[in-house]
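A.B. asks: Sequence and computational prediction follow.
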Amino acid sequence: MLDMTTHVQVSGTELKVRIEKALTEKSLKKLITNLEKELNGEHSFLPHDVEAKIRKEIASAGVAVSQHGGWYRCIAAYLLLPKLDELLSVKSMSEEKNVTPIVQKLRNEALRESFSTFGLEVPARYARTSSGTGRPRIRLSREQKQLLVANFLDAMPTFEGLQDVLDTLPKNTNLMVKQIRTLVKRYLTVANRLQTKVSHE
């Protein structure tokens, strides 16, 4: 098994290699992109002084920031380094099974470790260690599914009637009408999908 090295223990060339490895791995692209979006905004969870320290470490390591999508992408990769090897290992199994809960768990652990090196606590949304990992998904019986679908579709005439009324109203209406319009649209979208699925079973 690979020795799990964190950026706390590496610097210079080794840190550069690991950051660039994270940034060039296709399997981590979506994970890094999502984290990058959370960092690059007015509600970023990363304190400015910590961001400055991380930027300095990345720059000192010689990472070509502009070639890898900019600072926030590089910072996102840096924050994931404590669990990089495990993330890559899990991602390699993604075709065999759903690994999303495990990836989320590892991401949270990586962020927690990264934050702890700066004496910080990770934001609450990343504090959970399990994210449901290991819990079997509760399956409904066929009868339960059929009952749920049947009751859901029973409301179809009501929503179709509402849609007919909404069609007669002008588009620019008050907030209440807009909310009803949105609700009706969502219901009819789900109902149509369910009907299509039921007809193919």
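C.D. replies: Perfect, I can see it now.

A.B. asks: Let me know the pLDDT of the residue nearest to Glu51 when sequence neighbours are not counted.
C.D. replies: Nearest non-adjacent residue to Glu51, counting by CB to CB, 6 or more residues apart in numbering: Ile75, 6.8 Å away. (Each C-beta comes from the backbone N, C-alpha and C, glycine too.) The per-residue pLDDT reported for Ile75 equals 95.

A.B. asks: Next, count neighbours for Ile75.
C.D. replies: A count of nearby residues for Ile75, using other CB atoms under 10 Å, gives 26.

A.B. asks: What are the structural domain limits within the protein?
C.D. replies: 12-126, 142-200 (automatic domain parsing).

A.B. asks: okay, the ones you listed, which one's buried deepest?
C.D. replies: domain 12-126 (a mean of 16; mean count of other CB atoms under 10 Å).

A.B. asks: Which residue comes closest to Lys53 once chain neighbours are left out?
C.D. replies: Once flanking residues are discounted, Lys53 sits nearest to Phe118: 6.9 Å by CB to CB, 6+ apart.

A.B. asks: doesn't Val50 make contact with that neighbour?
C.D. replies: Yes. Assessed by CB atoms under 8 Å, Phe118 is found in contact with Val50 at 4.9 Å.

A.B. asks: can you tell me how far the residue nearest to Lys53 sits from Lys21?
C.D. replies: Going from Phe118 to Lys21 by CB to CB, to the nearest Å gives 23 Å.

A.B. asks: which SS state does the nearest residue to Gly62 once chain neighbours are set aside fall under?
C.D. replies: Residue nearest to Gly62 in three dimensions, not counting chain neighbours: Lys16, with 5.0 Å by CB to CB, 6+ apart. At Lys16 the chain is in helix, as set by DSSP: H, G, I helix; E, B strand; the rest coil.

A.B. asks: Cheers, nothing more for now.
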